[in-house]
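Asks: model the structure of this input:
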Amino acid sequence: MERTQHRDEVLVGAGVGIGVFVVAIPVLLILAAVVGSFVLGMDGGDVPDAPTASIEYEYEGAGKEMTATITHEGGEPIESGNLAVRINDRTVSWTDEDGEIDVGNSVTVDVAAGGPTRVVRDSGSTSGILV
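Replies: Now for the predicted structure:
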């Protein structure tokens, strides 16, 4: 009788172990799928890439009479409504009649001596400094 009882306990223990294994595997797979989709979905979705363009600065004058001519030297066109030049605390819009800043288009702005000058692209949802 002892032998039968011991064998029954072993069979019950093995059955419980297999049951836990059968339930745990699908739960772990579902958890891995949820975590994986969350991590892979963190790339920002369909955010458009910023255009690749070569921008050149040419400074003239000195002191308070200094100007900077900023020219699109190469690369992709940029929508002019999204482009601005920031000088210290001022922002100057860079626009063009056809709506795009293409190779050869330029803008001349007054700059204070020593002040940082940046070309900034702002598309509403994203923004970044081009140069």
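Asks: so how many other residues sit close to the residue lying closest to Ser93 once chain neighbours are set aside?
Replies: Among residues not flanking Ser93 along the chain, Ala84 sits closest, at 5.4 Å (CB to CB, 6 or more residues apart in numbering). C-beta: built from backbone N, CA, C; applies to glycine. If you count neighbours by other CB atoms under 10 Å, Ala84 ends up with 19.
Asks: list the pairing partners of the host helix or strand of Ala84 within its sheet, with orientation.
Replies: Element membership of Ala84, judged by DSSP states H and E, is strand 83-87. Paired strands of strand 83-87, with direction, are strand 90-93 (antiparallel), strand 117-122 (antiparallel) (DSSP bridges).
Asks: residues of stretch 98-108 that come out buried?
Replies: Glu100, Ile101, Asn105, Val107 (16 or more other CB atoms under 10 Å).
Asks: mind picking the two most distant members of the residues you listed?
Replies: Glu100 and Val107 (13.5 Å; CB to CB).
Asks: OK, contacts around Ile101?
Replies: Ala53, His72, Pro77, Ile78, Glu79, Ser80, Leu83, Trp94 (CB atoms under 8 Å, 6 or more residues apart in numbering).
Asks: for those, give me CSV that also has distance to Thr117.
Replies: Shown next, in CSV, are these (distance: CB to CB, whole Å):
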residue, distance to Thr117
Ala53, 16
His72, 15
Pro77, 21
Ile78, 17
Glu79, 21
Ser80, 18
Leu83, 14
Trp94, 12
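Asks: buried ones from the residues you listed, can you make that a PyMOL selection?
Replies: Remark: buried members of the contacts of Ile101, expressed as a PyMOL selection using 16+ other CB under 10 Å:
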select buried, resi 53+72+77+78+80+83+94
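Asks: so which of the contacts of Ile101 are in helices?
Replies: Using DSSP state H, no member of the contacts of Ile101 sits in helices.
Asks: where's the dip in pLDDT among the contacts of Ile101?
Replies: In this model, the minimum pLDDT among the contacts of Ile101 belongs to Ser80 (79).
Asks: quick one: mean pLDDT over the helix or strand harbouring Phe21.
Replies: Here Phe21, judged by DSSP H and E, is contained in helix 2-40. Summarised as a single mean, pLDDT over helix 2-40 is 72.
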